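Trainee: heads up, no residue letters with this:
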């Protein structure tokens, strides 16, 4: 029986991995075709047009510049070109002073890595600079001199930029997906807080806090995708008209980030309030209801920010703004039947969270604050 269970578990695991791999491969088909065309095209151009022999760095630099990373492509192109050029210069200079050999290669590699980290924090820049310095010391220079490899790297980077301009992906796709995931997590944090109140279980509130903390990588990832998407929208004429939408998403992200931070503070204080029984049954029901309504409004906000059609997006944002405004107008200790000081603190921490969410819908900050009841 134990062996049969292990076999069944293994089969389910393999089926899951297979399905995941198929989906990942299908979603990567267009980028894979772009990378293939770009790498082969850069290699052919460097070999047949420039006359370079075996220009592998033209192909490899184009692959690195395109890649599947969220980092902006222009930055990667610059890092590859500069890293390659500076690395060759450093390697050639140290080779002239130290000669070639194993210990010389170790000295060159150590110096190149430290120099790269001094000049820039980019990992691609560091890798390229160190690799080129090492190759200069260990390998004979190609026909045309050591800087032929640098020119090949520039050719590969330029081909990557050309592919980005001529065959771009919709730059809004990744940010829309990211904001949907981010707002889903924020809504679930508030729902878990509401559940912890209803069940009077501080452990659930602590779980909500942990979930809120785990959202920070999502925020950082969306910032990266917005930078990359903004670059594509700037370079590609086909998507230049979408820069305003990307700017709106970037502004909304700042308020969503603040709302996430405030939700973590709220969940931490809620844990203490539950442990100290600081809320009456009426207050628990009222606050839990506001949290559930706010989570539903966040779901609506998610639909609005991720929507592709302008009319539907504006409709979702209006609905989210209206629902958030109705919830915000109730965030007052007396309206929520709160009596004790610690309970009042919980309600007070909800107020900046509501303002941040209203601003994420596009509302003016003064208007958002005016919706809160006077204290």
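Mentor: Nice, thanks for sending it over. Here the structure is a predicted model, which is why all the values come from computation and not from measurement.

Trainee: where does the record place the domain boundaries for this structure?
Mentor: 32-166, 173-370 (automatic domain parsing).

Trainee: and the end-to-end length of the first one?
Mentor: Distance between the two ends of domain 32-166: 15 Å, counting by C-alpha to C-alpha, to the nearest Å.

Trainee: quick one: average confidence on that domain?
Mentor: Averaged over domain 32-166, pLDDT sits at 78.

Trainee: hang on, the earlier thing: CSV for the domains of the chain, including mean neighbour count?
Mentor: Just so you know, the C-beta spots here come from the backbone N, C-alpha and C atoms, and that holds for glycine as well. Output for the domains of the chain, formatted as CSV (neighbours: other C-beta atoms under 10 Å):
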stretch, mean neighbour count
domain 32-166, 19
domain 173-370, 19
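
Trainee: and of these, who's closest to residue 8?
Mentor: Residue 8 lies closest to domain 173-370 among those, at 30.3 Å (C-beta to C-beta).

Trainee: in JSON lines: the domains of the chain, plus distance to residue 24.
Mentor: Formatted as JSON lines, these follow (distance: least, C-beta to C-beta, whole Å):
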{"stretch": "domain 32-166", "distance to residue 24": "10"}
{"stretch": "domain 173-370", "distance to residue 24": "14"}
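
Trainee: what's the spacing between the closest residue to residue 361 other than its chain neighbours and residue 370?
Mentor: Nearest residue to residue 361, sequence neighbours excluded (C-beta to C-beta, 6 or more residues apart in numbering): residue 321, at 4.3 Å. Taking C-beta to C-beta, to the nearest Å as the measure, residue 321 falls 14 Å from residue 370.

Trainee: my understanding was that residue 336 contacts residue 283; is that so?
Mentor: Yes. Shown here, residue 336 and residue 283 form a contact pair, counting by C-beta atoms under 8 Å, at 5.8 Å.

Trainee: quick check: the residue nearest to residue 361 vs residue 254, distance?
Mentor: For residue 321, the distance to residue 254 equals 17 Å [C-beta to C-beta].

Trainee: host element of residue 345?
Mentor: In this structure, residue 345 is located in helix 341-360 according to DSSP states H and E.

Trainee: so what does that helix touch, helix or strand wise?
Mentor: helix 243-275, helix 281-306, helix 310-328, helix 365-370 (3 or more C-beta pairs under 8 Å, 6 or more residues apart in numbering; DSSP states H and E).

Trainee: list the contacts of the third one.
Mentor: Just to be clear, that refers to helix 310-328. 290, 293-294, 296-298, 300-301, 303-305, 307, 351, 354-355, 357-358, 361-363, 368, 371-372 (C-beta atoms under 8 Å, 6 or more residues apart in numbering).

Trainee: before we move on, what about stretch 89-96?
Mentor: With C-beta under 8 Å, 6+ apart as the criterion, stretch 89-96 contacts 104, 107-108, 111-112, 115, 129, 132-137, 146.
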